[in-house]
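**Q** Have a look at this fold, sequence not included:
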């Protein structure tokens with residue numbers, strides 16, 4: 001019975017702490033603490049380069065610095081790892097537009113509309 005409590009405690013701790021970086025990144029973005037946000041997302045992406053939310057937030061911080069071309073790779077990774085998220089695709093389209101890559105911007109928006117319409 002004691003070992004069961006230990007496993008439950010560890011499991012709950014993992015669930016609670018696994019989402020902390022995501023909320024911390026969101027707070028940095030809302031407070032416009034771009035440098036802090038970049039440091040956080042860079043650190044998290046070193047541990048897990050496929051983390052959907054860290055890729056998304058890293059892209060957002062780069063957009064805040066007007067590094068549009070650099071942000072595209074992060075939004076693309078976020079959109080690919082969570083293909084049903086219109087939000088991640090929308091930011092990919094925004095990044096393409098800001099980078100003046102209008103062909104890919106249009107393609108992303110058409111894909112979003114196609115997904116929404118089921119065509």
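**A** Yes, it's here. As the structure is a prediction and not an experimental result, all values here were calculated from the model.
**Q** May I have the predicted confidence score for residue 24?
**A** Residue 24 carries a pLDDT value of 87.
**Q** elements contacting the one helix or strand it maps to?
**A** Here residue 24 sits within helix 20-30, counting by DSSP states H and E. Counting contacts by 3 or more CB pairs under 8 Å, 6 or more residues apart in numbering; DSSP states H and E, helix 20-30 is packed against helix 34-47, helix 52-64. C-beta coordinates here come from the backbone N, C-alpha and C atoms, glycine included.
**Q** what is the mean pLDDT for the first one?
**A** Averaged over helix 34-47, pLDDT sits at 96.
**Q** Provide the contact partners of that helix at residue level.
**A** 21, 24-25, 28-29, 51, 54-55, 57-58, 60-62, 64-65 (CB atoms under 8 Å, 6 or more residues apart in numbering).
**Q** give the contact list for the residue most central in space within the chain.
**A** The centroid of the chain falls nearest to residue 56 when counting by CA atoms, centre = their mean (1.8 Å). Taking CB under 8 Å, 6+ apart, we find residue 56 in contact with 74-75, 78, 88, 91.
**Q** again with residue 111
**A** Counting by CB under 8 Å, 6+ apart, residue 111 has contacts residue 89.
**Q** Can you classify it by secondary structure?
**A** Each residue gets one of three states, and residue 111 gets helix by DSSP: H, G, I helix; E, B strand; the rest coil.
**Q** now do residue 66
**A** Taking three-state DSSP, the label given to residue 66 is coil.
**Q** okay, now it: neighbour count?
**A** Per other CB atoms under 10 Å, the neighbour tally for residue 66 reads 10.
**Q** give me every residue that touches it.
**A** With CB under 8 Å, 6+ apart, residue 66 has these contacts: residue 98.
**Q** for it, phi and psi?
**A** phi 60, psi 30 (degrees, to the nearest 10).
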